[in-house]
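A.B. asks: sequence plus the predicted model coming up.
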Amino acid sequence: MLVARLTLLFCLSSALSFAGSWSGVLVDSKCYDSEERNVNPTDTMTAVDRDKNLEIRYCSPKEKTKSFALVQSDGLNFKLDSAGNTKAAELVRTTGKRPHFAVAVTGEMGRNTIHVDSISMAR
């Protein structure tokens, strides 16, 4: 009975997360979340009227940024886990100031957060 429960638990946990790679633009997570919430409550076409490229440029990470997100070309965004935030901060510090950081990330996805194994500038 214990083996059956452990097998079921393993199957369910593997369904919630999966390994993969993602590419997109690195942004300051707090800034980007703020920009995403900054909408006119009476506007019915908020997704159409938004300039994602402007939001990405506005929220480009700085050397002091501590929390990061990855924004894909289709507009989906994913937060990075604490290890990913550390790796992204190091990448930003070593790369220097840029208008945007196109990156490739590998790791596991779980609940809209990427548990980062590696992060590098996209080619």
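C.D. replies: Right, received. Where do you want to start?

A.B. asks: could you say what helices and strands the top strand by length along the chain packs with?
C.D. replies: Of all segments of type strand in the chain, defined using DSSP state E, the longest is strand 17-28. Helices and strands touching strand 17-28, as assessed by 3 or more C-beta pairs under 8 Å, 6 or more residues apart in numbering; DSSP states H and E, comprise helix 52-58, strand 68-71, strand 77-80, helix 82-95, strand 101-110, strand 113-121. Backbone N, C-alpha and C define where each C-beta goes, glycine included.

A.B. asks: packing partners of the fifth one?
C.D. replies: The helices and strands touching strand 101-110, judged by 3+ C-beta pairs under 8 Å, 6+ apart, are strand 17-28, helix 82-95, strand 113-121.

A.B. asks: re earlier: buried residues in the helix or strand that the longest strand of the chain is followed by, which are they?
C.D. replies: The element immediately downstream of strand 17-28 (helix or strand, assigned by DSSP states H and E) is helix 29-37. By 16 or more other C-beta atoms under 10 Å, the buried positions in helix 29-37 come out as 29, 31-33, 35.

A.B. asks: quick one: low-confidence parts of this structure?
C.D. replies: Per-residue confidence for the chain (pLDDT under 70) gives these ranges: 1-18, 40-49.

A.B. asks: how about 50 then?
C.D. replies: Flagging of the chain using pLDDT under 50 yields the residue ranges 6, 14-15.
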